[in-house]
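Novice: From the sequence below, what's the structure:
(one chain, ligands or ions: 2)
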Amino acid sequence: MSQPASQLDQIPDRDPSETAEWRESLDAVVRQAGPQRAARLLQHLAEHACRAGLDVPPQLWTPYLNTVPTAAEPAYPGDLDLERRITAYNRWNAAAMVSRGNQRAGLGGHIATYASAAWLYETGFQHFFRGKDWGSPRPEAGGGSGDQLFVQGHASPGVYARAFLEGRLTEGQLDRFRQEAAGDGLPSYPHPRRLPWLWEFPTVSMGLGPLSAIYQARFNRYLEHRGIKDTSRSRVWAFLGDGEMDEPESTAALALAARERLDNLTFVINCNLQRLDGPVRPNFKIVQELEAQFRAAGWHVVKSLWGEAWDPVLARDTEGALTRRLGEVPDAQFQTYATRDAAYIREHFFGAPGADPALRALGASLDDARLLELFHTSRAGHEPRKVYAAYRAAVEHRGAPTVILTQTVKGHTLGPGFASRNANHQMKKLTVKEFRALRDLLELPVPDSAFDGDLVPYAHPGPDSPEVRYVRERRAALGGPAPARRVAAKPLPAPSAKPFEALAKGSGQQEIATTMAFVRLVKDLMREKETGRRWVPVVPDEARTFGMESLFPSAGLYSPTGQTYDPVDRDQLLYYKEAKDGQILNEGITEAGSLADFTAAATAYATHGEPMIPFYIFYSMFGWQRTADQFWALADQLGRGFVVGATAGRTTMTGEGLQHADGHSHLIASTNPAAVSYDPAFAYEVGAIVREGLRRMYGPDSENVFYYLTVYNEPKVQPPMPQGVEEGILKGLYRYRQAAGTPADAPRLQLLASGTAVHWALEAQRLLAEDWGVAADVWSAPSWTELRRDALECDAARLRGEDRVPYVTRALHGAPGPVLAVSDWMRAVPDQIAPWVEQDWTSLGTDGFGLSDTREAARRHFGVDAPSVVRAALAVLARRGEVKPETVQEAAARYGLDA
Ligand SMILES: Cc1ncc(C[n+]2csc(CCOP(=O)(O)OP(=O)(O)O)c2C)c(N)n1
Ligand SMILES: [Mg+2]
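Specialist: Ligands and ions are numbered 1, 2, ... in the order given. Now for the predicted structure:
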């Protein structure tokens, strides 16, 4: 029989008959021993070849079995008896705190997630997770970094329960779970901003945790390769839900993690086969799907599925019938087995029509008790030895990140009302009867008399009990408590004045865009002696757009493998220089990845005790609206750094059209309480803002904020900084140029503008004076958002009876005439301050979709160019009777506005 064409036919086969013999041997096995046997032999050979270092394609699937056989498991290093009791206390207290909160305050909470994951955490806490003092190379300098734990948000009650056992939290605090308003309560999920000494990483927005974890592991390497911190003893652990893996961000950076050989990273995916509404893959198998996905990406995959009870049964699976059946039963069916009696399991699992006789025989040999144990509870994720074996396999693996796919039962130990039930994610309390059953199962010394009606007590063995002593000893041996957040970083010295002076001088005759001004400033700051190396430029494949390629040869692009090729532009001054100690993180086209980079760098002051100064510069339109949730997580994680929306504005991106035309990011940014937003007009404003940002974020009383600046690509002559405007820049408003050349009794108004629109306002000022005899004062408003925030604070103070006047009201006080505001953003951006402006308020803006055209045409289209501003100004004045009504039409005709 002729063979179908093979890819290999293209290259000579040195021994075709040998090749044919191999093929025939395989055919013979299929004939004589069956396809299963042949497949098994092939898997053996593939594994063998891999171990021998042969370059063969990786297998994408393996059977639905544990990766590490029981016989190959390492000895368990802990006192299992004690650890069981400790886990029992944690299980109890986690369920108790949620139930009590629900009964007493009607609050929510999650019980089933931790119930399935208890051993995944406990084994880690007892034997793996390293605290901040672990092997610290320089304890005097604030200790090491320890491991970084991304805890599954809905498992947080278990982490709190453990902290209670350790004495890190009190009973009163457990009772204030989700009751934070009065102080000293516990946030629902991991929130560093809410509980900064415990949580390092906010996780509950599904998908952001796995993405951040990858970039965190990557940033740990970056710090090490750049000689900033020895992070070789840190491991990133990310605990994830199998349902969570459906979020696009969860898998977005898998390839990066494998490509960069991040063996300092472990994913633990709790495959309880359920998400919130029901099964994760009702008709398929989530573990197998994830295995293929991770293997294809190049990860080391450890499946940890079955508990020990399965071993003797699998040992009798000589024909592979059981293994096959386990591999074909869809997840939702398996979930059902976990809730049914032995007769159902016999009939549907072992005895389905057409079932393999060997499988039937195997089923018949198992008694009912054994069957229920196997199908109801025996999962690897509930057995510390199995979890330990999987974790060891992960930490010992070199050259690739590891994912542990561990199978559990959602709601394990909580009884038939919870375990494997579709609704269990949302169940917030157990009945007293269920608690009694839990107590008996866990063998906890909680007497009936301790129950207070429906309210169950917490359980604690006492601070000197063997359990607590053991926990403390283990944590001490592993370098202190976990999770833990600690800020040991010292303030950074202020940079020298020179780079800022350069901007304050103005650009003379030269036209430069504010994007370029920012990049030049940062280039100078990166040369600062003490702080220069702490800058971390992050850019998603737009460095050339922003004129940053001049940084390539000087700072270098970070690449853990250095540059293994001869770059095409080697002979050029600005060549594409990659280096192991490169400073720039150029991630390719991933705003999400870049923001994850930024977040790791922006929090290094806490995570690693090393303040870094990241600036993340992106295409304005693809920042806030695309990744606003990550900006929220950044704020939650108390990140500090500069976020720069370049090519900003709805009309400034000549010809790029509506997908690129950003007229609203400032509005989105205004919703993030940690974002200090600016829309500077001039280079000197950029300088003043960055200087103040450095002081506020890295100086002695550093604040947990990050700075957001929008910069433009429109070249302009940059004026020198006028005297005494610094405070106004930072507060958000100052008078830039008073009206001139008009009579004292001329009609007058105030033009407020931000960003590139200040130039239109200045042009309008000239036209109003020259063509219409109207006097306009021009104000620059670098931050509508900060003005509003100040006003909101003043309002609140006034409502408390204090006498505070908002800065914006004071600054404009007495300025004659109405106010007309204009910017390259939608009107709602400047309108933020309208309630606190005493004068008549009108605004112009770029509401609606953008379009592709020249700047001039686009500005005319939105009615924000200088002539449009003039007409609007005349209309406002006409309404007040200060100019003749006809002038409005005259202006339209004169400038061709309605043409
Ligand atoms: C982005 C996002 N979408 C939706 C939710 C709401 N949510 C919280 S937990 C959950 C189900 C989680 O299932 P899984 O990841 O499997 O975790 P498990 O509790 O089963 O371990 C959902 C939908 C969320 N927290 N974040
Ligand atoms: Mg799940």
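Novice: Now Asp898. Nearest residue, chain neighbours left out?
Specialist: Spatial nearest neighbour of Asp898, excluding adjacent residues (C-beta to C-beta, 6 or more residues apart in numbering): Ala892 at 5.2 Å. Just so you know, the C-beta spots here come from the backbone N, C-alpha and C atoms, and that holds for glycine as well.
Novice: just Gly732 next, same as before
Specialist: Ser783 (3.6 Å).
Novice: Same check on Gly207?
Specialist: Here the residue nearest Gly207, using C-beta to C-beta, 6+ apart, is Glu247, at 2.7 Å.
Novice: Just the pLDDT for the one you found.
Specialist: pLDDT recorded at Glu247 is 98.
Novice: go on, Thr545?
Specialist: Reading off the model, Thr545 has pLDDT 91.
Novice: That one contacts Phe618, correct?
Specialist: No. Here Thr545 lies out of contact with Phe618, judged by C-beta atoms under 8 Å, at a distance of 9.9 Å.
Novice: Between the two, which is the more surrounded one?
Specialist: A direct count of neighbours by other C-beta atoms under 10 Å for Thr545 and Phe618 places Phe618 higher, at 26 against 16.
Novice: Tell me if I am right that the more buried one is in a helix.
Specialist: No. Read with DSSP: H, G, I helix; E, B strand; the rest coil, Phe618 is strand and lies in no helix.
Novice: Check it and give its pLDDT.
Specialist: The per-residue pLDDT reported for Phe618 equals 97.
Novice: State the distance from it to Leu574.
Specialist: Phe618 sits at a distance of 21 Å from Leu574 (criterion: C-beta to C-beta, to the nearest Å).
Novice: residues contacting the residue nearest to Gly732?
Specialist: Applying C-beta atoms under 8 Å, 6 or more residues apart in numbering, we find Ser783 in contact with 676-679, 731-733, 754.
Novice: just checking, which of the residues you listed belong to helices?
Specialist: Lys731 (DSSP state H).
Novice: ok, the one residue in the chain that gets nearest to ligand 1 - contacts?
Specialist: Residue of the chain nearest ligand 1, by C-beta to the nearest ligand atom: Gly241 (1.9 Å). For Gly241, the contact set (C-beta under 8 Å, 6+ apart) comprises 113, 152, 154, 206, 269-270, 272, 275.
Novice: Out of these, name the ones that lie in strands.
Specialist: 269-270 (DSSP state E).
Novice: Just give me the closest of the contacts of Gly241 to Arg527.
Specialist: Met206 (41.8 Å; C-beta to C-beta).
Novice: Could you find the closest non-adjacent residue to that closest one?
Specialist: Excluding its sequence neighbours, the residue lying closest to Met206 (C-beta to C-beta, 6+ apart) is Glu244, at 4.3 Å.
Novice: do Ile617 as well
Specialist: Nearest to Ile617 is Val644, by C-beta to C-beta, 6+ apart, at 4.3 Å.
Novice: What are the neighbouring residues in contact with the one you found?
Specialist: Counting by C-beta under 8 Å, 6+ apart, Val644 makes contact with 518, 615-618, 708-711.
Novice: what do you get if the cut-off is 10 Å, keeping everything else the same?
Specialist: 514-515, 518-519, 522, 538-539, 546, 615-618, 620, 623, 686, 690, 707-711 (C-beta atoms under 10 Å, 6 or more residues apart in numbering).
Novice: Minimum distance to ligand 2, which residue of the stretch 251-400 of the chain gives it?
Specialist: Going by C-beta to the ion, ligand 2 is nearest to Asn272 of the stretch 251-400 of the chain, at 4.4 Å.
Novice: measure Glu473 to Pro466 for me?
Specialist: Per C-beta to C-beta, Glu473 is found 10 Å from Pro466.
Novice: related to what we said a few turns ago, quick one: which of the contacts of Gly241 has the most company?
Specialist: With neighbours set by other C-beta under 10 Å, the maximum within the contacts of Gly241 is found at Asn272, which has 31 neighbours.
Novice: hang on, that residue packs against Ala118?
Specialist: No. Applying C-beta atoms under 10 Å, one finds Asn272 not in contact with Ala118, separated by 11.7 Å.
Novice: got any residues that touch both of these two?
Specialist: 381, 408, 412.
Novice: Go through those residues and flag which are in strands.
Specialist: Among the shared contacts of Asn272 and Ala118, DSSP E puts none in strands.
Novice: just those that are near ligand 1?
Specialist: With C-beta under 6 Å from any ligand atom as the criterion, these include none near ligand 1.
Novice: Buried subset of the residues you listed, written for ChimeraX?
Specialist: To isolate in ChimeraX the members of those that are buried, counting by 16 or more other C-beta atoms under 10 Å, one can use:
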select :381,408,412
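Novice: which residue is nearest the centroid of this protein?
Specialist: Leu208 (3.8 Å; C-alpha atoms, centre = their mean).
Novice: The closest residue to that one other than its chain neighbours: neighbour count?
Specialist: Excluding its sequence neighbours, the residue lying closest to Leu208 (C-beta to C-beta, 6+ apart) is Ala633, at 5.2 Å. Neighbour count of Ala633, defined by other C-beta under 10 Å: 25.
Novice: Buried residues, the helix or strand containing Ala633. List them.
Specialist: Assigned by DSSP states H and E, Ala633 falls within helix 624-636. Residues of helix 624-636 classed as buried: 624, 627-628, 630-636 (neighbour count, 16+ other C-beta under 10 Å).
Novice: Tell me how far Glu511 lies from ligand 2.
Specialist: Distance, Glu511 to ligand 2, by C-beta to the ion, to the nearest Å: 57 Å.
Novice: what's the closest non-adjacent residue to that residue?
Specialist: Of all residues not flanking Glu511 in the chain, Pro715 sits nearest, at 3.8 Å (C-beta to C-beta, 6+ apart).
Novice: got it, and Ile689?
Specialist: Ile689 sits nearest to Tyr678 (C-beta to C-beta, 6+ apart), 5.0 Å away.
Novice: which ones are touching the one you found?
Specialist: By C-beta under 10 Å, 6+ apart, the residues touching Tyr678 are 666, 669, 685-686, 688-690, 692-693, 707-711, 729-730, 732, 754-755, 781-786.
Novice: Restricted to buried residues, select the residues you listed in PyMOL.
Specialist: In PyMOL, a selection of the buried entries from those looks like this (16+ other C-beta under 10 Å):
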select buried, resi 666+669+685+686+688+689+690+692+693+707+708+709+710+711+729+730+732+754+755+781+782+783+784+785+786
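Novice: ranges for the helices of the stretch 1-150 of the chain?
Specialist: Taking DSSP state H, counting those that start in this stretch, the helices of the stretch 1-150 of the chain run over residues 16-33, 35-51, 80-105, 112-127.
Novice: Buried residues in the longest one, which are they?
Specialist: Of the residues in helix 80-105, 82-83, 85-102 count as buried by neighbour count, 16+ other C-beta under 10 Å.
Novice: anything in it sitting right up against ligand 1?
Specialist: No. In terms of C-beta under 6 Å from any ligand atom, no part of helix 80-105 sits within range of ligand 1; the closest distance is 13.1 Å.
Novice: No more questions from me, cheers.
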